[in-house]
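Trainee: Give me coordinates for this.
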Amino acid sequence: MPVGLCESVQLLMTFCRRAVLPFRHILERAARGGALIQRAILAAAVAAIGLAGAASATDETSGRWACGLPAGLTTLDGQLPHAAAALRDRHGLTIVAFGSSSTFGTGASGPAATYPSRLEAALGQQFPDAKLAVINRGVPGEVADDMMARLERDVIAPAPDLVIWQTGTNDAMRDIPVEQFARLTLDGITRLREAGIDVVLMEPQYSPKLVRQPHYADFVEALRTIGHVTGTPLVRRFDMMEAWVANGRFDDATMLQSDALHMRDASYACLGQAVAEGLAEAIDDTEPPTGSLTGRLTAEVAPAK
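Mentor: Numbering: from 1, shown residues only. This next block holds a predicted model:
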């Protein structure tokens, strides 16, 4: 492991402060190994380490949400080869939105106002010639263990090209050990990749109520660390929501319901738009196989040279 890892890798700050220096090294070894090696190494790593227990305004003339975010905040930092191939080869894309109440849409006025529905609409603008489907597989109140129990039936069986996995909030609120959460998340990523499915993680939401939870930050950092060392793109929802409050796009009351936890129609719409922008960028940046077209995947096929 490089000297000074704690100083050079910001995503590991929480774990390094608690002397969990082997975590990145072990996960990197697991990512290079086969499926059985991955599971063995990751299980041993989590057991040994324990992770140390680490208003949106509507433009009335256009009908579109004004969702300005700082440059780069929607970037997913990863490639999506299966999603890119699906758009290139069959001009279609199937996504499963997997998660808990934020995915289900608790707080939204109806199914059309949930983030998966808004994501599908926004992707339709990014890829107007493609056949798109975003399947909502959110179940309110679930923790990672619940999600893993239905992973095969609800997520893998529909054979999507991409899964967006929103997770971590309920685990933090119920004081689930962060090492257990990390182990299950890593196992889920492995199973999805074995099935030929791209994975994008979505971190927990920002709210003043949640940030007061003693170990809430540990779950945000755990997802960031897992995403970084396994090469899994991450929707930085916590930072997005914090930025919306900081720049005046929302305040707590317009972004969240009265429970100070669940989002509203406007913030779900902004989340869907932000995720669509990140996905489109990641798909365009994915290196195509030799001989394939680069750039916008829904463009006309270039003539042979």
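Trainee: Give me the packing partners of the top helix by length along the chain, helices and strands only.
Mentor: Counting residues, the longest helix found in the chain (DSSP state H) is helix 265-285. Here helix 265-285 touches strand 64-65, helix 81-90, helix 115-126, strand 234-235, helix 237-246, helix 252-255, going by 3 or more CB pairs under 8 Å, 6 or more residues apart in numbering; DSSP states H and E. C-beta here means a position set from N, CA and C on the backbone, and glycine is covered the same way.
Trainee: residue ranges of the strands in the stretch 1-150 of the chain, please?
Mentor: With strands called from DSSP state E, counting those that start in this stretch, the stretch 1-150 of the chain shows them at 58-59, 64-65, 92-99, 131-138.
Trainee: Which one, of these, ends up nearest to Leu256?
Mentor: strand 64-65 (15.9 Å; CB to CB).
Trainee: follow-up on the earlier one: pull the longest helix of the chain out as PDB, backbone CA atoms only.
Mentor: Provided in PDB are the C-alpha atoms of helix 265-285 (Å, rounded to 0.1, in the frame of the first residue of the first chain):
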ATOM      1  CA  ASP A 265     -41.900  16.300  -6.200                       C
ATOM      2  CA  ALA A 266     -39.500  19.100  -7.100                       C
ATOM      3  CA  SER A 267     -36.500  17.500  -5.500                       C
ATOM      4  CA  TYR A 268     -37.300  14.100  -7.000                       C
ATOM      5  CA  ALA A 269     -37.500  15.800 -10.400                       C
ATOM      6  CA  CYS A 270     -34.100  17.400  -9.900                       C
ATOM      7  CA  LEU A 271     -32.600  14.100  -8.800                       C
ATOM      8  CA  GLY A 272     -34.000  12.300 -11.900                       C
ATOM      9  CA  GLN A 273     -32.600  15.000 -14.100                       C
ATOM     10  CA  ALA A 274     -29.200  14.900 -12.400                       C
ATOM     11  CA  VAL A 275     -29.000  11.100 -12.600                       C
ATOM     12  CA  ALA A 276     -29.900  11.300 -16.300                       C
ATOM     13  CA  GLU A 277     -27.200  13.800 -17.000                       C
ATOM     14  CA  GLY A 278     -24.600  11.600 -15.200                       C
ATOM     15  CA  LEU A 279     -25.700   8.500 -17.000                       C
ATOM     16  CA  ALA A 280     -25.600  10.100 -20.400                       C
ATOM     17  CA  GLU A 281     -22.100  11.500 -19.800                       C
ATOM     18  CA  ALA A 282     -20.900   8.100 -18.500                       C
ATOM     19  CA  ILE A 283     -22.400   6.200 -21.500                       C
ATOM     20  CA  ASP A 284     -20.800   8.700 -23.900                       C
ATOM     21  CA  ASP A 285     -17.500   8.300 -22.200                       C
END
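Trainee: what inclination does it have with respect to strand 131-138?
Mentor: Orientation of helix 265-285 against strand 131-138 (axes from the mean of the first three to the mean of the last three CA atoms, to 10 degrees) gives an angle of 130 degrees.
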